[in-house]
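Peer 1: no FASTA, just this:
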């Protein structure tokens with residue numbers, strides 16, 4: 001029945017009403033869709049991408065599989081080691097070691113079964129087994145009131161050495177640099193455990209050579225880079241009387257040849273690094289190894305020879321110089337030349353200490369300055385530009401030390417000037433061999449000469465003759481420039497004459513007697529006029545020759 005409209009009201013259109021209801025429902029549906037009304041709560045969460053989920057799972061698996069196994073197996077091994085170190089008074093003395101060998105064998109067996117798919121766990125088990133095997137051998141000589149063997153005896157030292165050697169053989173069979181590092185640790189620990197100084201030092205050298213052999217077999221520098229800090233730390237502990245055995249901390253002076261073991265290890269490590277370098281990354285590691293080997297090896301050698309024996313100090317430094325210089329020559333043709341530079345400069349440092357020990361000041365500065373010429377000659381021979389730069393800096397330091405220490409001039413400063421002249425001449429003579437593209441270093445030595453000669457003459461010559469002496473120096477420069485056909489020496493002569501003019505203008509008028517003042521000015525003026533005439537004539541000849549060519 002149709003709805004009757006009330007009087008005064010407009011009629012309602014059913015079609016329009018239906019359209020409004022449809023729009024209202026559409027708006028409500030849009031609101032519900034945006035608010036996600038009526039859907040589960042989890043639907044509002046941002047979906048996790050497969051890549052993010054993979055990273056999270058990989059991190060979780062890495063933490064659970066690798067790090068948990070590392071910490072757990074290490075804790076298990078440490079716990080077993082602490083247990084084996086207990087007294088076990090009611091059992092035979094060998095029982096803890098036998099138990100340790102059995103447990104180590106068990107770890108090896110489990111590691112063999114866990115190779116696939118649990119290779120990381122297998123490696124951790126194998127490392128723990130190696131550590132337990134060595135600790136069981138160590139337990140025969142330590143950690144108890146009743147001991148099966150003495151570490152000072154031949155049998156005790158042999159057992160510990162064989163245990164460390166067996167560990168190294170296992171590491172090499174597995175071709176693992178880090179297992180080699182563990183084996184080398186046990187080897188150097190054996191050197192500290194034995195009581196005989198000769199055996200301890202021999203074991204240090206033996207396991208240093210073993211590290212070189214391992215690095216060569218694996219074609220990687222990692223065993224040497226691990227052995228260097230271990231070996232040098234072992235020597236330091238031994239040289240301080242081995243406080244790990246409860247001895248008082250003091251330097252050991254016996255046997256006197258002990259520091260030579262450091263040089264043997266240094267040479268072995270350097271030769272091994274040269275042969276083990278493969279690729280850019282390992283080449284960089286090898287260069288770092290050369291640097292650390294030279295600094296640590298010789299640094300410990302120097303400190304021990306200083307503390308242990310004053311009588312043999314100079315001889316020890318000469319032996320170190322010969323060894324390091326030979327090593328530098330051996331490495332001279334390697335790419336980059338870092339090893340050659342490090343060992344050559346370290347060797348000359350040893351020679352400097354020998355000179356300082358033998359020669360008293362101020363004469364010691366004469367020998368140190370002459371050594372500078374030897375360094376330059378060696379640098380030319382080895383084609384090392386780094387040595388040239390380093391030697392100049394050292395030369396300046398020695399010169400500065402002489403100026404600071406000398407209370408009066410002994411003529412040694414003139415020797416420094418002659419050394420700089422000879423060095424500059426050597427650099428100019430062999431610049432093609434050194435491949436020096438600039439004259440920077442040669443100019444630096446000539447600048448040093450320019451300041452050194454006036455300084456030395458000022459302090460050596462009486463004040464009245466200073467101006468004349470400087471004029472003589474300028475004439476020497478002119479002579480060198482003519483003989484060597486080098487304009488740099490002529491410029492040094494010009495500069496020295498100008499310096500003489502300034503000196504006479506300032507000091508000559510106020511401090512010199514009239515006779516010497518007038519004589520100096522006359523000589524200076526004569527030289528300047530003659531020099532001017534000579535250069536005018538040379539210039540005229542050059543213009544005439546240029547005109548004929550045109």
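Peer 2: Thanks, I have it. Since the model is a prediction, treat every value here as computed from it, not as a measurement. Numbering: from 1, shown residues only.

Peer 1: ok, residue 359 touching residue 369?
Peer 2: No. Residue 359 is not in contact with residue 369 according to C-beta atoms under 8 Å; the separation is 11.9 Å. Every C-beta, even on glycine, is put in place using the N, C-alpha and C of the backbone.

Peer 1: Neighbour count: these two, which is higher?
Peer 2: For residue 359 versus residue 369, neighbours defined as other C-beta atoms under 10 Å are more numerous around residue 369 (22 against 15).

Peer 1: In terms of helices and strands, where is that one?
Peer 2: Secondary structure from DSSP states H and E places residue 369 in helix 363-382.

Peer 1: Give the buried residues for the very next helix or strand once past that helix.
Peer 2: Toward the C-terminal end, the helix or strand that comes next after helix 363-382 (DSSP H and E) is helix 385-405. If you call a residue buried by 16 or more other C-beta atoms under 10 Å, then helix 385-405 has these buried ones: 385, 386, 387, 388, 390, 391, 392, 394, 395, 398, 399, 402.

Peer 1: which one of the residues you listed sits closest to residue 178?
Peer 2: If you rank those by distance to residue 178 using C-beta to C-beta, residue 386 comes first, at 33.7 Å.

Peer 1: Spatially nearest residue to that closest one (excluding sequence neighbours)?
Peer 2: Counting by C-beta to C-beta, 6 or more residues apart in numbering, the nearest residue to residue 386 once its immediate chain neighbours are dropped is residue 341, at 4.5 Å.

Peer 1: quick one: contacts for that neighbour?
Peer 2: 328, 384, 386, 387, 390 (C-beta atoms under 8 Å, 6 or more residues apart in numbering).

Peer 1: Kindly recompute the last result at 7 Å.
Peer 2: 384, 386, 387 (C-beta atoms under 7 Å, 6 or more residues apart in numbering).

Peer 1: could these go into JSON lines alongside distance to residue 479 and pLDDT?
Peer 2: Shown next, in JSON lines, are those (distance: C-beta to C-beta, whole Å; pLDDT from 0 to 100):
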{"residue": "384", "distance to residue 479": "32", "pLDDT": "78"}
{"residue": "386", "distance to residue 479": "34", "pLDDT": "82"}
{"residue": "387", "distance to residue 479": "31", "pLDDT": "83"}
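
Peer 1: how distant is the helix holding residue 369 from the center of its chain?
Peer 2: Relative to the centre of its chain, helix 363-382 is centred 24 Å away, using C-alpha atoms, centre = their mean, to the nearest Å.

Peer 1: for that helix, packing partners?
Peer 2: Where contact means 3 or more C-beta pairs under 7 Å, 6 or more residues apart in numbering; DSSP states H and E, helix 363-382 is packed against helix 338-358, helix 385-405, helix 412-429.

Peer 1: Any chance of the ones you listed in JSON lines with distance to residue 230 as columns?
Peer 2: Putting the helices and strands packed on helix 363-382 into JSON lines (distance: least, C-beta to C-beta, whole Å) gives the following:
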{"stretch": "helix 338-358", "distance to residue 230": "21"}
{"stretch": "helix 385-405", "distance to residue 230": "29"}
{"stretch": "helix 412-429", "distance to residue 230": "42"}
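
Peer 1: low-confidence ranges in the stretch 251-400 of the chain?
Peer 2: Residue ranges of the stretch 251-400 of the chain with pLDDT under 70: 275-283, 335-337.

Peer 1: now the stretch 51-200 of the chain
Peer 2: Using pLDDT under 70, the stretch 51-200 of the chain drops low at 51-70, 115-120.
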